[in-house]
Structure formats: structure tokens, C-alpha cells
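[1] Whatever this is, show me its structure:
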Amino acid sequence: MTLARVDDKTDRLVVVNMNVHRRGALSPDLYAAIRAALETAQQERIRAVILTAEGGFFCAGGDLNVLIARRELSEAERREKVDELHDLVRLIRSSPVPVIAAVEGGAAGAGASLALACDLIVAAEGAKFTAAYVKAGLVPDAGLTSALSRLVPRALAMEMCLLARPVSAERMLALGAVNAVVPAGEVDATAHGLADALARGPRAAQGMIRRLVCEAYETSEAQQLDSERDGMAAAAGGPEAAEGIAAFLEKRPPRF
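    Here you go, the predicted structure:
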């Protein structure tokens, strides 16, 4: 199975097919596929990355059998294993192009972390987001507590993590934590539609925008104003702004 590929139709999109074994449990193959996709996204022609899955479920997170085996490792070695997953989240966050999650069925544990790390999220009706670590005597990882603290109220984050209660895609949509909820079977098409819209936009400006938005959660307003100043000054002198402004004044679609 090819887990990461450049979309044949557009040649401007990288699609990652999450591992379908055990409902998309995390695996070394999946880590490698996501890393390969984000490396390919460095190419100028690539405008978006989509994380999707076959088999009716986005990603079930960590494999408990693997975690059982890790009990024999030292705590330092277990930290290294977790860092491998965290490096993956960092790669998604630092992607040069927007990353879209197409969530069919649901996303659990670190699978929810991967989905919520993306810039845009499309979910199927009835899909669930679950953080059931506590049921196994574990704690969230892969940036899940950080993502939830940004996206949902504190009470709901506590409910998800302490009581392991799944949250529906519809509720996540109402909270503004996902971008769209569509009928089952239409998730990929909707995600591709978003990718097509991104592909018509200015790649460099989009990359700068996503960096600014991500940084805004971590920096003070004063620091963010400086970052926006520097970004605007750089963008205003670039070819994308020249084309975008000319197109606006000439009342025509821009040709990025």
C-alpha cells in the first residue's frame, strides 16, 4: 500500500493514506509516510497536504500492544519513543503548506492529536474525537492537551481527558474546532475541494499566514505585532502581492 503520494489529478497535492490496519493505529510506516509527505511539500509546486484514511476510521492512535512492550524499556528510552511522535506533530505544525485532516469515523488518542494539529479539519457526520488515555492509566501526548486548550472550553477538555467521553464532530463544529461536517463518504471530496481552493492562492503568503496564526498562541501581543509587521513588509515587496493587487485593481482573478 502506498501511504503517501502526490495526487495524480493536480500534481499539487500530497495525500497521506493513514494505515488501515487496526483502525489506523500508529506505526513506523505511518510516521515515515507523514514525514515523506511533508518533505515532498517543500517542493514549490505542492500547495497542500491531506491526511486521510481508508477503512472508515481516521486513526485509532497508539497500539496498546506496543505500549505493553515498552514497559521493559527505561523511562529515558520511553521518552525517546514519545519524542518520535512529538517530532511528527512538530513537522505538521511547521509544514510550508496547509495540512488538511479528512476524518472519517473518528480520531482517537494520538490520532485525535494528529487531526487537531492540522490547519483545516473536515469530519464525517457521526465521527467522534476521543481521548481515552485515562482508561489505560495513561496521559495524553502528541500535543493533545495543548490542542484542546486552544480549541475547546476547559470543561470539555477535562471531560474528554478525565472521563474519556467521546465528542461528536457536530459538537466540535459548533465549538469552531473543525471546519466542516459532511455526510459519510464525502469527506475526501470536501478535503480535496479545500485543497483546490488553497492551490489557487498565494503559496508564500499562505505559509506566512499559518505561521503567524500558530505563533499567536505562544507569543504576546507586542511580539505578534512585530511578527505581523515583518511579515507584511516582506509580503508587500514580493511577486504574489504584485499579482494580487494588480488583479484586484483590474477586476480579474489573480494568477498565483
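
[2] which residues of the stretch 151-256 of the chain fall in strands?
    Using DSSP state E, counting those that start in this stretch, the strands of the stretch 151-256 of the chain run over 167-168, 180-182.

[3] Point to the helix or strand of this protein where mean pLDDT is at its lowest.
    strand 4-6 (a mean of 83; mean pLDDT, DSSP states H and E).

[4] what sits up against that one?
    L13, V14, V15, V16, N17, A33, I34, A36, A37, T40, I46 (Cβ atoms under 8 Å, 6 or more residues apart in numbering). For the C-beta atoms, the positions are set from N, CA and C on the backbone; glycine is no exception.

[5] what's the farthest-apart pair in the residues you listed?
    By the measure Cβ to Cβ, N17 and I46 form the most distant pair in those, at 16.7 Å.

[6] And the two? Which one has more around it.
    The neighbour count for N17 versus I46, taken as other Cβ atoms under 10 Å, is higher for I46 (23 against 19).

[7] give me the number of residues near the nearest residue to L144 once chain neighbours are set aside?
    Leaving aside its sequence neighbours, L144 sits nearest to S113 (Cβ to Cβ, 6 or more residues apart in numbering; 4.3 Å). Residues within reach of S113, counting by other Cβ under 10 Å, total 28.

[8] Reformat the strands of the stretch 151-256 of the chain as CSV; add distance to A247, mean neighbour count and mean pLDDT.
    Formatted as CSV, those follow (distance: least, Cβ to Cβ, whole Å; neighbours: other Cβ atoms under 10 Å; pLDDT from 0 to 100):
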stretch, distance to A247, mean neighbour count, mean pLDDT
strand 167-168, 41, 19, 98
strand 180-182, 27, 19, 98
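
[9] all helices of this structure, in order?
    28-40, 64-70, 75-93, 110-117, 144-151, 154-163, 169-174, 187-199, 203-216, 221-236, 239-250 (DSSP state H).

[10] of all the strands of the stretch 151-256 of the chain, which lies closest to A124?
    strand 180-182 (6.5 Å).

[11] my read: G231 touches M208, true?
    Yes - using Cβ atoms under 8 Å, G231 is in contact with M208, at 4.9 Å.

[12] low-scoring stretches of this protein, by residue?
    Residues of the chain meeting the criterion pLDDT under 70: 1-2, 8, 19-24.

[13] How about the spatially most central residue of it: what's its closest non-neighbour residue?
    In the chain, the residue lying closest to the centroid (Cα atoms, centre = their mean) is C118, at 1.7 Å. Counting by Cβ to Cβ, 6+ apart, C118 lies nearest to A101, which is 4.0 Å off, once chain neighbours are set aside.

[14] again, but for A136
    L64 is the one closest to A136 (Cβ to Cβ, 6+ apart), at 6.4 Å.

[15] So that neighbour versus D188, what's the distance?
    According to Cβ to Cβ, to the nearest Å, L64 stands 28 Å off from D188.

[16] Tell me which of these two has more neighbours.
    Between L64 and D188, counted using other Cβ under 10 Å, D188 has the larger neighbour count: 18 against 14.

[17] Tell me who's in contact with that one.
    By Cβ under 8 Å, 6+ apart, the neighbours of D188 are I50, T52, A102, E104.

[18] R70 contacts E80, correct?
    No - judged on Cβ under 8 Å, R70 makes no contact with E80 at a distance of 10.3 Å.

[19] Those two: which has the busier surroundings?
    Neighbour count, other Cβ under 10 Å: between R70 and E80, R70 has more, with 14 against 11.

[20] Thanks a lot, catch you later.
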